[in-house]
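> got a structure for you, letters missing:
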């Protein structure tokens with residue numbers, strides 16, 4: 001039931017969310033929105049707690065300006081995102097947060113991702 005509600009929520013947000021570039025995202029912390037850009041760098045930190053995958057849009061790490069964060073337990077839903085999306089344009093929808101001054105959206109579901 002929670003997955004159904006989450007899917008409906010993501011779909012609804014996608015339809016009505018504002019869309020920003022990776023550069024603009026930092027000005028919209030706390031908003032539900034869609035952020036688009038080219039995956040300039042991608043890294044799967046398998047040996048780090050939580051096994052995060054980082055997709056950095058428009059600027060590569062360490063000069064990154066926006067990150068899509070995918071936790072290890074959600075990776076299987078997306079299938080090797082660090083390979084699949086590298087150098088491709090993507091849009092991700094969700095809550096824009098800030099981590100150490102860098103805007104990010106946490107990706108929980110493939111439904112949040114548009115190519």
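Arrived safely. Treat the numbers as computed from the prediction; the structure is a model and nothing was measured. Numbers count the residues shown, from 1 in each chain.
> May I have the secondary structure class of the residue positioned nearest the centre of the chain?
In the chain, the residue lying closest to the centroid (Cα atoms, centre = their mean) is residue 68, at 2.8 Å. For residue 68, the assignment made with DSSP: H, G, I helix; E, B strand; the rest coil gives strand.
> so it sits right up against residue 57, yeah?
Yes - between residue 68 and residue 57 there is a contact at 6.9 Å, judged by Cβ atoms under 8 Å. The C-beta positions use only the backbone N, C-alpha and C, and glycine is treated the same way.
> Leaving out chain neighbours, which residue sits closest to the residue nearest to the centre of the chain?
Closest residue to residue 68 apart from its sequence neighbours, by Cβ to Cβ, 6 or more residues apart in numbering: residue 55 at 4.1 Å.
> name the element the one you found belongs to?
Counting by DSSP states H and E, the element that carries residue 55 is strand 53-57.
> Show the pLDDT at residue 17.
On the pLDDT scale, residue 17 is placed at 76.
> Enumerate every residue touching it.
Listed by Cβ atoms under 8 Å, 6 or more residues apart in numbering, the contact set of residue 17 reads 32, 33, 34, 93.
> where does the chain dip in pLDDT?
The model of the chain has pLDDT under 70 over residues 1-16.
> hmm, try it at 80
Residues of the chain that meet the criterion pLDDT under 80 lie in 1-17, 115.
> Tell me where it has strands.
18-21, 32-44, 53-57, 66-70, 89-95, 97-99, 102-106, 113-114 (DSSP state E).
> quick revisit: between the contacts of residue 17, which is nearest residue 26?
Ranked by distance to residue 26 (Cβ to Cβ), the contacts of residue 17 are led by residue 33 at 11.8 Å.
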